[in-house]
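In: kindly generate the corresponding structure for this input.
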Amino acid sequence: MSASGLRNLALASVTGTVIVFDQLTKLKIMQTMRLHESISIIPNLFSLTYIRNPGGSRRFLRSDC
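Out: So this is what the prediction gives:
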């Protein structure tokens, strides 16, 4: 396999891993947290808050906004 082929395989592997991790964390949050609940990860700096934004990407991509 060529160097660019290995690089593409590594990139695809990292991308796939990130997507799977993202989906698993979303599922875990939906199962364990209440809507609008926050969990402090780093006090006074970073919190995880469960919110929903249905259609957010569709509004973002609209050209008439």
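
In: switch to C-alpha atoms for all contacts and neighbour counts from now on
Out: Noted.

In: so how far is S38 from the residue positioned nearest the centre of the chain?
Out: Nearest to the geometric centre of the chain sits D22, at 4.2 Å (Cα atoms, centre = their mean). Relative to S38, D22 is positioned 18 Å away (Cα to Cα, to the nearest Å).

In: can you check T25 too?
Out: Between T25 and S38 the distance is 15 Å, computed by Cα to Cα.

In: go through the helix or strand hosting the residue nearest to the centre of the chain and flag the buried ones.
Out: Per DSSP states H and E, D22 falls inside helix 3-32. Residues I29 are the ones in helix 3-32 that count as buried (16 or more other Cα atoms under 10 Å).

In: and that helix, how far from the chain's centre?
Out: Centroid separation between helix 3-32 and its chain, computed with Cα atoms, centre = their mean, to the nearest Å, is 10 Å.

In: just checking, next helix/strand downstream of that helix?
Out: strand 38-42.

In: who touches that next one?
Out: Identification of contacts with strand 38-42 by Cα atoms under 8 Å, 6 or more residues apart in numbering yields 46-50.

In: from the chain's centroid, how far away is the helix or strand that comes right after that strand?
Out: With elements assigned by DSSP H and E, the helix or strand that comes after strand 38-42 is strand 46-49. Distance of strand 46-49 from its chain centroid, counting by Cα atoms, centre = their mean, is 14 Å.

In: now do strand 46-49, average pLDDT.
Out: In this model, strand 46-49 carries a mean pLDDT of 94.

In: residues in contact with that strand?
Out: Outside strand 46-49, the residues that touch it by Cα under 8 Å, 6+ apart are 36-41.

In: from those residues, pick the one nearest L9.
Out: Nearest to L9, judged by Cα to Cα, of the contacts of strand 46-49 is I41 at 33.2 Å.
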